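Trainee: Using only what follows, build the 3D model:
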Amino acid sequence: MISSHSDTSREVREKLERAEGAREKEKGKKRRAEAIKPKGAGAPKWTDLSLVSYLKTIYMSKPKYFLYARKSTEDDDKQVMSIDAQLFELREFARKENLEILEEFQESKSAKTPGRPIFNEMMAKIEEIGNCGILAWHPDRLARNSIDGGRIIYAVDQKNIVSLRFPTFWFEPTHPRIQKKKHDFPFTGTFSCGECASMFTAQWATGKCGGKYRYYRCTKKKGTCSQGYLREEVLAEQIKEQLQTISLCDKYADWMLQRVEKWEQEENNLSQSGDKNLAVKIKESESRLDKLVSAYLDDDVPKEIYLKKKDKLMRESLTLKQEKKDFNHKGNNWVEPLREWILDTKQADFLSSSDNFKEIAFFVKKVGTNPRVLDKSAHFGALAPFGFVLSARRFLPFSSSGTPSARRSSALSECEVSTCDPTGNRTPIYAVKGRCPSR
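Mentor: Numbering: from 1, shown residues only. Predicted coordinates:
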């Protein structure tokens, strides 16, 4: 009996050990599955979706592309690569980027006016299938008129086109996100506290009669501060008073803009010849590239030589285009800063009597320095050129109505205009000598 009892106990222990081992083995499988399981709300559930089917889903979600090559027969399109050259480069680009091409379209027609049959056929397929991409040599191969361009934009908005790829560009459309509604406090983030240097914030307050008002106050994030509340209308009036001190009315500003435009035209006339020479070189470089591709397609040039020469020609073309761009700005890079400053003085004059608080706040951020509020009084400095206006305003005659008088001495001289160039450049004396109006 003792021996039989011992055998029974041994069998029970062995069964229990086997059961425990099976449970541990099952737990190990679950832990390994959990370890490789992607985290997050968008992670697939491996119990419902196998790895193979998951990868297939990812592959199927990638956009498939329509390849489009176009070459116009018009004179202004002669420098563009031939259709065969475009097709070769685009196929090579698709191979390197692992892009799946659904269908190729090629067309010899101008895109300046709508009505291209091949383009319309491609767009019809895109609108029918959806979730597609377009691969082209350059954006201007797709559209050069507002109707075709608008059709592409609408297809992007409708998510029928999800990718536009070019060898030198990459466009991925983004769609607007729904944002939370924010309170309309135009001057928040503009002024800091003159006592503790904390930023000013805003809040609504209800008056004794039930009316609601917007007030600005110090956030006191940097410690104890004694500054009180400032009503928005009072703050806006203080800002507009300071804008008036750095403003110029249309009479003065328009005269200055005319002088700047005249100087710019003179500079452009001198640079036209150099610009034309660079344009000819760019056209010749692109023509050589086109011939090189055609020769390679005809098996007249080995691949290694082709790749080296193609790289050299593309670099040469990019360098020439950059030189042309720099040349166009050379000599008159002071014009735009000066023109922008003059327009800012006009804007300051307009905003000094405006109730568009958002525009006023934006302008203060643009031209103001160290905007602060101390003892319920707003102050801000201005960039260096505006100091000229502030110092010269006392010499500018105004009539009793606040408008400039008609005296001939009221106009600023060209010498004074050149002094206001924010870049520090001054117009040479010979350029303004004899042009200043009678003073």
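
Trainee: Now do the buried residues in stretch 248-265.
Mentor: When neighbours are counted by 16 or more other Cβ atoms under 10 Å, the buried residues of stretch 248-265 are found to be Leu248, Cys249, Tyr252, Ala253, Trp255, Met256, Leu257, Arg259, Val260, Trp263, Glu264. (Glycine included, C-beta is placed from N, CA and C.)

Trainee: for stretch 369-379, same thing?
Mentor: Within stretch 369-379, the residues that qualify as buried are Pro371, Arg372, Val373, Ala378, counting by 16+ other Cβ under 10 Å.

Trainee: three-state assignment of His183?
Mentor: Of the three states, His183 takes coil according to DSSP: H, G, I helix; E, B strand; the rest coil.

Trainee: Quick one: neighbours of it, just the number.
Mentor: One way to gauge burial is a neighbour count; for His183, by other Cβ atoms under 10 Å, it gives 9.

Trainee: dump the residue contacts of it.
Mentor: Applying Cβ atoms under 8 Å, 6 or more residues apart in numbering to His183 gives the contacts Ala202, Trp204.

Trainee: What separation is there between it and Cys249?
Mentor: Shown here: His183 relative to Cys249, a distance of 35 Å by Cβ to Cβ, to the nearest Å.

Trainee: One more: Ile152?
Mentor: From Ile152 over to Cys249 the distance is 45 Å, taken as Cβ to Cβ.

Trainee: my guess is Lys220 meets Ala197, correct?
Mentor: No: checked against Cβ atoms under 8 Å, the pair Lys220 and Ala197 is beyond contact range at 10.9 Å.

Trainee: tally of neighbours for the nearest residue to Ala295 once chain neighbours are set aside?
Mentor: Setting aside the residues directly before and after it, Ala295 is nearest to Val301 in space (Cβ to Cβ, 6 or more residues apart in numbering), at 4.8 Å. Close neighbours of Val301, defined as other Cβ under 10 Å, add up to 17.

Trainee: now the strands for the protein?
Mentor: Secondary structure of the chain, counting by DSSP state E: strands at 64-70, 101-107, 132-136, 161-166, 169-171, 192-193, 200-206, 212-218, 230-231, 368-374, 377-382.

Trainee: quick one: contacts of the third one?
Mentor: It stands for strand 132-136. When contacts are defined by Cβ under 8 Å, 6+ apart, strand 132-136 is touched by residues 63-70, 90, 93-94, 99, 101-102, 122, 125-126, 142, 152, 160-166.

Trainee: Buried ones among the residues you listed?
Mentor: Buried members of the contacts of strand 132-136, scored by 16+ other Cβ under 10 Å, are 63, 65-70, 90, 93-94, 99, 122, 126, 142, 152, 160-166.

Trainee: List of residues touching stretch 94-106?
Mentor: Residues outside stretch 94-106 that contact it (Cβ under 8 Å, 6+ apart) are 62, 64-70, 83, 87, 91, 93, 118-119, 121-122, 125, 132-133, 135, 165.

Trainee: hey, which helix is longest across this protein?
Mentor: In terms of residue count, the longest helix belonging to the chain (DSSP state H) is helix 250-297.

Trainee: Just give me how far that helix sits from the chain centre.
Mentor: Chain-centre distance of helix 250-297: 24 Å, with Cα atoms, centre = their mean, to the nearest Å.

Trainee: Averaged pLDDT, stretch 85-92. What do you get?
Mentor: Per-residue pLDDT values over stretch 85-92 give a mean of 90.

Trainee: Need the contact partners of it.
Mentor: Outside stretch 85-92, the residues within contact range by Cβ under 8 Å, 6+ apart are 67, 69-71, 81, 101, 104, 106, 135-137, 141, 167, 290, 293-294, 296-297.

Trainee: Can you give me the domain boundaries for the protein?
Mentor: Following automatic domain parsing, one gets these domains for the chain: 58-171, 192-238, 267-333, 336-432.

Trainee: what's the closest of those domains to Gln244?
Mentor: For those, distance to Gln244 was read as Cβ to Cβ. The smallest value, 4.2 Å, belongs to domain 336-432.

Trainee: low-confidence ranges in the stretch 101-250 of the chain?
Mentor: Applying pLDDT under 70 to the stretch 101-250 of the chain flags the ranges 169-181.

Trainee: switch the cut-off to 80
Mentor: Scanning the stretch 101-250 of the chain for pLDDT under 80 picks out the ranges 168-183, 207-208.

Trainee: One more: the stretch 251-400 of the chain?
Mentor: Per-residue confidence for the stretch 251-400 of the chain (pLDDT under 80) gives these ranges: 267-276, 324-334, 384, 387-388, 390-400.

Trainee: again, only using 70
Mentor: Counting by pLDDT under 70, the stretch 251-400 of the chain contains low-confidence residues at 328-332, 394-400.

Trainee: thinking again about what came up before, can you redo the domains of the chain as TSV with distance to Arg18?
Mentor: Shown next, in TSV, are the domains of the chain (distance: least, Cβ to Cβ, whole Å):
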stretch	distance to Arg18
domain 58-171	41
domain 192-238	66
domain 267-333	67
domain 336-432	76
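
Trainee: where do the helices sit along the chain?
Mentor: Listed in chain order (using DSSP H), the helices of the chain are 2-35, 51-61, 83-97, 117-129, 146-157, 232-245, 250-297, 303-329, 335-351, 357-367, 384-392, 414-419, 429-432.

Trainee: distance of Arg95 from Asn145?
Mentor: 32 Å.

Trainee: Those two - which one has more neighbours?
Mentor: Applying other Cβ under 10 Å to Arg95 and Asn145 shows that Asn145 carries more neighbours, namely 14 against 10.

Trainee: you'd agree that one is up against Ser110?
Mentor: No: distance between Asn145 and Ser110: 9.4 Å, which falls outside the contact criterion (Cβ under 8 Å).

Trainee: thinking again about what came up before, what's the longest helix of the chain packed up against?
Mentor: Contact here means 3 or more Cβ pairs under 8 Å, 6 or more residues apart in numbering; DSSP states H and E; on that basis helix 250-297 packs against helix 83-97, helix 303-329, helix 335-351, helix 414-419.

Trainee: So for Lys212, which of these sits nearest?
Mentor: Across the helices and strands packed on helix 250-297, closest to Lys212 is helix 335-351 (Cβ to Cβ), at 25.0 Å.

Trainee: can you dump the C-alpha coordinates of that closest one into PDB?
Mentor: As requested, the backbone C-alpha atoms of helix 335-351 are provided in PDB (Å, rounded to 0.1, in the frame of the first residue of the first chain):
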ATOM      1  CA  VAL A 335      16.100  99.300 -53.200                       C
ATOM      2  CA  GLU A 336      13.700  96.900 -51.600                       C
ATOM      3  CA  PRO A 337      14.700  97.700 -47.900                       C
ATOM      4  CA  LEU A 338      14.300 101.400 -48.700                       C
ATOM      5  CA  ARG A 339      11.000 100.900 -50.500                       C
ATOM      6  CA  GLU A 340       9.700  98.700 -47.600                       C
ATOM      7  CA  TRP A 341      10.700 101.300 -45.000                       C
ATOM      8  CA  ILE A 342       8.900 104.100 -46.900                       C
ATOM      9  CA  LEU A 343       5.800 101.900 -47.200                       C
ATOM     10  CA  ASP A 344       6.100 101.300 -43.400                       C
ATOM     11  CA  THR A 345       5.900 105.000 -42.800                       C
ATOM     12  CA  LYS A 346       2.700 105.100 -44.800                       C
ATOM     13  CA  GLN A 347       1.400 102.200 -42.900                       C
ATOM     14  CA  ALA A 348       2.100 103.800 -39.600                       C
ATOM     15  CA  ASP A 349       0.200 106.900 -40.800                       C
ATOM     16  CA  PHE A 350      -2.800 104.700 -41.800                       C
ATOM     17  CA  LEU A 351      -2.800 102.600 -38.600                       C
END
